[in-house]
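S.K.: how would this look folded up:
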Amino acid sequence: MKKFLFVLLAAFMVISCQKKEVETNPVTQEVSFQALEITPNSGLKSTAEWECKDLAPTNAHIVINNVPYNPALFELDGVLYTQAIKLPVQDNPYCVSEFFLFVDSGDGIYQQGEEIVYGTPNDQSDYEVYITEAYQLPYCFTVEAFKKAEIPIEVLCYQDAQYDSFGFDWFQITEIVIRELCFFGDICFVDPPPISDWWNSLYALQQNGIQVDMPAIFFIDIQDEDGNSIPYSPWSNQGRFGNVGNNGEGAPLCVAYPDNLMLDNEVFTMDLYVYGPVDGGGFGYSLYDTWIIVDDVIYNTDNPATINENTPILPIGEYGIYEFVVGDCVNNPPDIYFPPLDPDDPPTPIDESCETSFAYNQNGIDGQTRYCFLTLKKSDASYNPAGPANKNFNRWGWTNQLLVKGTYNFGIYAAAGQCDLTKGTLVGSLNVDYQSNGNV
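M.R.: A predicted model of the protein is given here:
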């Protein structure tokens, strides 16, 4: 395989339509491309070595005025030509915004994954500098009646590993891995509440009824960085939300989330809700713990801003299953432990209409006394509104700075993803008293 940079000159040849009678005002003209190879000793603009593909392209992909064309190529006396494209005669110019030659798999249309052999770097791309300025994209030409024109377009040997330097990002593959996490839990019987209450709960529907140690009934909800539940979430081992379940028995509860391998530090929030005695009497679901997922790691924290190299990772048990226990009724230490239920302080049941909410200082100034989390660097929480986004925190919400002592009133907004108040709902208010002694 030759190691040098090819530059091809593709020339447009505009040929008037032939008819038996002379047409004084032809409607269309035929445009074809002629590809001429120029070797490094013929005035190549770059001396860098390139490894050109030992492939013969079969088609050209050309976008003219936002319309894609994929004419076939043919060779005549060692020169590549495209089949003619008919373009309407018009006063306004035609502009080429994409141009490359590829190996077609058989349908005559460029498809993602087909081999690109030569290409013209796109506008504002790194390799655009290798193209003569007059021929850089977008490259415009006119189609006129009864006039022939040869308009050269330069192309380079295409380098797959440097697709972004060509500006060829439309065929970039987004590789997503679906990661599965499996959980199993135990819950320990406590009295009070009286056993009669337990027999009126879902645990009474289990095969062995009420016992000292029972499989926990629970569900898990995973949200993306905007606070939205991901597809199929939440999952329940009771049979809620349309998920398969049998009141906690039979198998662990397995959940899944999409990990985009093209994004570093992608953040998800995972909430565990366990069914048991709740405040106010009776049984219901309560939030027991929140964990943060970053890419493929689960951190034993509920705050992504605090994650560092010392943050503990959620321990995983035998057979790759996360096991938890509510209480002290098992012999072997679990991976995840929750204290026994306190009859005098039962957990608060969830309001299943709840949304993530944050306080917002209506009188604050963005970047001075009010900061959206998305504009702050993860490394030092400094203001970084221009990004890049992967350097900043991945969750919406605000910090509100108090510069002067006094009384403040902040609105509380729910579901305002990306810190966009138009997406959220004002659900309450927060009064803050910043006292003269520094106390709040």
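S.K.: Show me the residue sitting in the middle of this structure in space.
M.R.: residue 260 (6.2 Å; Cα atoms, centre = their mean).
S.K.: these two touch, right, it and residue 267?
M.R.: No: using Cβ atoms under 8 Å as the test, residue 260 is too far from residue 267 to be in contact (11.4 Å). C-beta here means a position set from N, CA and C on the backbone, and glycine is covered the same way.
S.K.: shared neighbours of these two, which are they?
M.R.: Here residue 260 and residue 267 share no contacting residue, scored by Cβ atoms under 8 Å, 6 or more residues apart in numbering.
S.K.: low pLDDT regions in this structure?
M.R.: Scanning the chain for pLDDT under 70 picks out 1-26, 33-51, 147-151, 168-176, 239-245, 352-355, 427-428.
S.K.: Helices of that one, start to end?
M.R.: Remark: helices assigned in the chain by DSSP state H are 163-166, 195-199.
S.K.: starting at the chain centroid, how far to stretch 105-113?
M.R.: 26 Å (Cα atoms, centre = their mean, to the nearest Å).
S.K.: now stretch 87-105
M.R.: For stretch 87-105, the distance to the chain centre is 32 Å (Cα atoms, centre = their mean).
S.K.: Now do the end-to-end distance for it.
M.R.: End-to-end distance for stretch 87-105: 26 Å, by Cα to Cα, to the nearest Å.
S.K.: how about it: buried residues?
M.R.: 87, 89, 94, 96-102, 104 (16 or more other Cβ atoms under 10 Å).
S.K.: What of stretch 308-322?
M.R.: 314, 317, 322.
S.K.: Return the subset of the residues you listed lying in strands.
M.R.: Among these, DSSP state E puts residue 322 in strands.
S.K.: ok, so of the buried residues of stretch 308-322, who is nearest residue 381?
M.R.: residue 314 (24.6 Å; Cβ to Cβ).
S.K.: Name all residues that make contact with that closest one.
M.R.: Here residue 314 is in contact with 291, 298-300, 322, 335-336 (Cβ under 8 Å, 6+ apart).
S.K.: Kindly recompute the last result at 6 Å.
M.R.: 291, 298, 300 (Cβ atoms under 6 Å, 6 or more residues apart in numbering).
S.K.: Counting neighbours, what do you get for the closest residue to residue 371 other than its chain neighbours?
M.R.: Take residue 371 and drop its neighbours on the chain: the residue closest to it by Cβ to Cβ, 6 or more residues apart in numbering is residue 399, 4.7 Å away. Neighbour count of residue 399, defined by other Cβ atoms under 10 Å: 16.
S.K.: Okay, buried residues for stretch 338-352 please.
M.R.: 338, 341, 346-347, 349.
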